[in-house]
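Trainee: got a sequence here, can you build the structure:
(chains A and B)
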Amino acid sequence: MRYFAAAREAAGMTSEQVELEDGGTVASLLRELTTRHPALADATRTLRFAVDEDFVDTEALLRDGAEVALIPPVGGG
Amino acid sequence: MGAFAIQSEPIDAEVVRRAVLGPDNGAVIVFHGTVRNKTADRRVTRLEYEAYEPMAIKQMERIAAELEAEHGVSAIACTHRIGELAIGEDAMVVAVSSPHRAAGLATVADFIARLKRDVPIWKKEHFEGGAVWIGTPENPQGEGLPVS
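Mentor: Purely as a prediction, here's the structure:
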């Protein structure tokens, strides 16, 4: 897991390892994350998700070793 | 350097401009996005940018490839700054080269709009009495999480 910006502050860390059951999806990962970091729960409506540096939806299956990032609303430029 | 970069050092716009030069061009456009001293009525004292660097580069490359195909421009380059920035500094420099100016100007506007939507770079505004992570007006989700 990688956390950035407001999600990093809500999680209180920049990264961590998470183990899921086989067949885990972004949605099941998110349930685990909000259990670990309740402050993230308020944010899930505005978050997007990236797996291995590409945007995915919450149904995406996670392979072993995938790098998942929580992407709060971006504000570059 | 490649055409796209994220860096904490001040941006040298000439480096970005040189990355798009070529003999086919009738127009080279360089855009500077700079740190403004206020948002709405709030006086900004400084800005802080953060990026998911490899994904930001990958997304900029994807957007540029799409726009080169859509508008027929020659080349696109962009360097975005991260870390703490002062008022007036360049946060981003975009360069586009094109055989014709209309396509180049449209590409600059489209590149910035797509960057503000899909490139994982975040801006935290510090103002007197607090700070907040900004979701851009282009992003209908608006502001994200409350800041501790």
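
Trainee: interface residues of chain A facing chain B?
Mentor: Within chain A, the positions adjacent to chain B are A:2, A:4-10, A:39, A:42-43, A:45-47, A:50, A:53-55, A:69, A:71-77 by CB under 8 Å from any CB of the partner chain. For the C-beta atoms, the positions are set from N, CA and C on the backbone; glycine is no exception.

Trainee: which non-adjacent residue is nearest A:Glu16?
Mentor: A:Met1 (5.1 Å; CB to CB, 6 or more residues apart in numbering or on different chains).

Trainee: list the contacts for that neighbour?
Mentor: Contact analysis of A:Met1 by CB atoms under 8 Å, 6 or more residues apart in numbering or on different chains lists A:Ser15, A:Glu16, A:Gln17, A:Val18, A:Leu29, A:Leu33, A:Val68, A:Ala69, A:Leu70.

Trainee: quick one: what helix or strand has the fourth one in it?
Mentor: Under DSSP states H and E, no helix or strand contains A:Val18.

Trainee: count residues in the vicinity of it, would you?
Mentor: Neighbour count of A:Val18, defined by other CB atoms under 10 Å in any protein chain shown: 12.

Trainee: surely it and A:Glu32 touch.
Mentor: Yes - A:Val18 lies in contact with A:Glu32 (CB atoms under 8 Å); the separation is 6.0 Å.

Trainee: could you pull up phi and psi at the most centrally placed residue in chain A?
Mentor: Nearest to the geometric centre of chain A sits A:Leu70, at 3.8 Å (CA atoms, centre = their mean). Dihedral pair for A:Leu70: phi -90, psi 130, per degrees, to the nearest 10.

Trainee: nearest residue to residue 53 in space, please, no chain neighbours.
Mentor: All of this is about chain A. Per CB to CB, 6+ apart, closest to A:Glu53 is B:Met55, 3.9 Å.

Trainee: if you could check chain B rather than the one you did, that'd help
Mentor: Using CB to CB, 6+ apart, the closest residue to B:Glu53 is B:Ile6 (4.8 Å).

Trainee: and A:Phe55, bridged to which residues?
Mentor: A:Ala50 (DSSP bridges).

Trainee: number of residues surrounding B:Ala102?
Mentor: Residues contacting B:Ala102 under the criterion other CB under 10 Å number 10.

Trainee: in the chain, which spans are helices?
Mentor: No chain was given, so I picked chain A. All helices of chain A, identified by DSSP state H, fall at A:5-11, A:26-36.

Trainee: the intended chain is chain B.
Mentor: Going by DSSP H, chain B shows helices at B:13-18, B:53-71, B:101-118.

Trainee: tell me the buried residues in the longest one?
Mentor: Taking 16 or more other CB atoms under 10 Å in any protein chain shown as the basis for neighbour counts, the residues of helix B:53-71 that come out buried are B:Glu53, B:Met55, B:Ala56, B:Ile57, B:Lys58, B:Gln59, B:Met60, B:Ile63, B:Ala64, B:Leu67, B:Glu68, B:His71.

Trainee: reformat those residues as TSV; add distance to A:Gly23.
Mentor: Formatted as TSV, the buried residues of helix B:53-71 follow (distance: CB to CB, whole Å):
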residue	distance to A:Gly23
B:Glu53	31
B:Met55	25
B:Ala56	30
B:Ile57	31
B:Lys58	27
B:Gln59	28
B:Met60	33
B:Ile63	33
B:Ala64	36
B:Leu67	38
B:Glu68	39
B:His71	42
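
Trainee: still on that earlier bit, export the helices of chain A to a markdown table and tack on mean neighbour count and mean pLDDT?
Mentor: Supplementary listing: those in a markdown table, determined by neighbours: other CB atoms under 10 Å in any protein chain shown; pLDDT from 0 to 100:
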| stretch | mean neighbour count | mean pLDDT |
| --- | --- | --- |
| helix A:5-11 | 24 | 93 |
| helix A:26-36 | 16 | 94 |
